[in-house]
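Engineer: just the structure for this:
(one chain, ligands or ions: 1)
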Amino acid sequence: MYTSRITGMGKYVPENVVTNDDLSKLMDTNDAWIQERTGIKERRHIKKDDGNSTAVMGVKAATIALERAKISKDDIDMIVFATLSPDYYFPGCGVQVQEMMEIHTCPAIDVRNQCSGFVYALSVADQFIKTGMYKNVLVIGSENHSGGLDMTTRGRSVSVIFGDGAGAAVLSRSEENGHGVLSTHLHSEGKHALELSLKGPSTMHWVPELIEQNPQEDIPYYPYMNGQFVFKNAVRRFSEVIMQGLEANDLQVSDIDMLVPHQANLRISQFIQKKFQLTDDQVYNNIQKYGNTTAASIPIALCEAWEEGKIKDGDTVVLAAFGSGFTWASAVMKW
Ligand code: ACO
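Structural biologist: Now for the predicted structure:
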């Protein structure tokens, strides 16, 4: 069995900064409410004419990751792309990245696991490397939320939370014993699927039907979130899946050098930090600047933590995510 290791990371966020005050001009909300409930101060939104899309942002993050991994695009054996906001209904963003980066014909997999998407994608990549089938896998999480949010007061409990951006990692066969992905842990519970969902356009809700119905209250082409129900499940599942990762590797909470939780809500991260009695240095949060970027949130945060020198060689790094599905997941790595 081989081990896989992150050898390079990159991130990209659009230049356009949208503050809470900016949102309060579009809907009945305010900076105090958003900061108190979520910790978010600002987020990035794609501008219509800036050339960005979910796949394009993924390419920008991936290009940096490849440079840092010191490998060429010809060395990539597979692409795994996680997103809930693909450019097209089909095909997926993975094949777009393959074409945009002029990577040779290779397998490209799209992962549809929302906020847990990056950890799922990392796990998929890890399995292919562990078995010896592939040496270098490009793992990307990218989201263009802003194009699909209800920017009126009706959608305020969802739309203030989400931001756009992308993060990428090159996962490579590890040459150094003891370094790399130690384990990944994936879960789902589909009975709560519609508690955090976007129903259409889809085969259940085609566009003509959506236009014809256009109900005032239940609009299926904007995301729906049962916020408090999601919050309660998130804190429970985050805790469980972090513990599962630690136990699988005979580690204690005190062994964690850096926990990078999915940036769903600062209050969720703070709850986990308090529960596990972790110090500020052991948990990385950047939701304040970027909002919740779903599948991009963990790779953006992990990349930024590394860039700031907060993750060092040999550190025990734990990733944990929870989101729509419900799905939840963790990964434990020796950096
Ligand atoms: N500005 C001002 N007021 C608002 C806003 C807003 N943006 N949004 C809602 N309100 C109001 C509500 O209407 C409500 O008013 P009322 O009391 O008069 O009815 C009041 O604020 C409280 O609303 P709640 O929804 O109860 O607020 P809550 O404290 O639950 O916070 C939030 C909402 C931030 C969404 C929280 O529930 C949350 O973070 N949930 C979890 C999110 C999460 O983890 N998602 C998973 C990942 S995302 C993914 O997978 C795609």
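Engineer: how about G8, secondary structure?
Structural biologist: Assigned by DSSP: H, G, I helix; E, B strand; the rest coil, the conformation of G8 is strand.
Engineer: OK, contacts around the residue nearest the centre of the chain?
Structural biologist: In the chain, the residue lying closest to the centroid (C-alpha atoms, centre = their mean) is A295, at 2.1 Å. If you count contacts by C-beta atoms under 8 Å, 6 or more residues apart in numbering, A295 has them with 82-84, 111, 113-115, 117-118, 121, 141-143. Glycine gets a C-beta too; all of them are placed from N, C-alpha and C.
Engineer: can you do 6 Å?
Structural biologist: Each residue near A295 by C-beta atoms under 6 Å, 6 or more residues apart in numbering is listed here: A82, T83, G117, F118, G141, E143.
Engineer: of these, which is the most crowded?
Structural biologist: G141 (36 neighbours; other C-beta atoms under 10 Å).
Engineer: if we can go back for a sec, inside strands: which ones of the contacts of A295?
Structural biologist: A82, G141, E143 (DSSP state E).
Engineer: gap between the residue nearest to the centre of the chain and L278?
Structural biologist: 24 Å (C-beta to C-beta, to the nearest Å).
Engineer: with A234 instead?
Structural biologist: 17 Å.
Engineer: kindly report the same for M27.
Structural biologist: Relative to L278, and taking C-beta to C-beta, M27 is found at 35 Å.
Engineer: ok, those two, which is more surrounded?
Structural biologist: Each of M27 and L278 has its neighbours counted (other C-beta under 10 Å); L278 has more, 19 against 16.
Engineer: so what's that one up against?
Structural biologist: So L278 contacts nothing (C-beta under 6 Å, 6+ apart).
Engineer: got the contact list for the closest residue to Q270 other than its chain neighbours?
Structural biologist: Leaving aside its sequence neighbours, Q270 sits nearest to G39 (C-beta to C-beta, 6 or more residues apart in numbering; 7.9 Å). Shown in contact with G39 (C-beta under 6 Å, 6+ apart): L266, I287, Q288.
Engineer: phi, psi of the second one?
Structural biologist: Note on I287: its backbone torsions stand at phi -60, psi -30 [degrees, to the nearest 10].
Engineer: list the contacts of the closest residue to it other than its chain neighbours.
Structural biologist: Nearest residue to I287, sequence neighbours excluded (C-beta to C-beta, 6+ apart): Q263, at 3.9 Å. Applying C-beta under 6 Å, 6+ apart to Q263 gives the contacts I287, N292, S297, A301.
Engineer: ok, now with 10 Å
Structural biologist: Taking C-beta atoms under 10 Å, 6 or more residues apart in numbering, we find Q263 in contact with 38-40, 115, 161, 163, 269, 284-294, 296-298, 300-301, 321.
Engineer: how about the secondary structure of it?
Structural biologist: coil.
Engineer: how near is it to G190?
Structural biologist: Distance from Q263 to G190, by C-beta to C-beta: 24 Å.
Engineer: go on, D74?
Structural biologist: 39 Å.
Engineer: check G163 too.
Structural biologist: Counting by C-beta to C-beta, the gap from G163 to G190 is 27 Å.
Engineer: likewise for A166?
Structural biologist: 27 Å.
Engineer: between those two, who's got more neighbours?
Structural biologist: Neighbour count, other C-beta under 10 Å: between A166 and G190, A166 has more, with 32 against 9.
Engineer: so N265 makes contact with A234?
Structural biologist: Yes. The pair N265 and A234 passes the contact test of C-beta atoms under 10 Å, sitting 7.7 Å apart.
Engineer: overlap in contacts, these two.
Structural biologist: With C-beta under 10 Å, 6+ apart as the test, N265 and A234 both reach F271.
Engineer: now render the ones in strands among the contacts of A295 as JSON lines, adding pLDDT and distance to the ligand.
Structural biologist: Listed next are the ones in strands among the contacts of A295 as JSON lines, based on pLDDT from 0 to 100; distance: C-beta to the nearest ligand atom, whole Å:
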{"residue": "A82", "pLDDT": "98", "distance to the ligand": "12"}
{"residue": "G141", "pLDDT": "98", "distance to the ligand": "12"}
{"residue": "E143", "pLDDT": "98", "distance to the ligand": "9"}
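Engineer: which one of the contacts of G39 is nearest the ligand?
Structural biologist: L266 (9.1 Å; C-beta to the nearest ligand atom).
Engineer: can you give me the pLDDT of the closest residue to the ligand within the stretch 151-300 of the chain?
Structural biologist: In the stretch 151-300 of the chain, the residue that lies nearest the ligand is G227 (2.7 Å; C-beta to the nearest ligand atom). On the pLDDT scale, G227 is placed at 94.
Engineer: burial of it, as a residue count?
Structural biologist: 15.
Engineer: quick one: contacts for it?
Structural biologist: R37, T38, S157, V158, I161, E195, L196, N265.
Engineer: check F231 too.
Structural biologist: Counting by C-beta under 10 Å, 6+ apart, F231 has contacts R37, M225, A264, N265, R267, I268, F271, F322.
Engineer: wait, is the fifth one part of a helix?
Structural biologist: Put plainly, it is R267. Yes. Counting by three-state DSSP, R267 is located in a helix.
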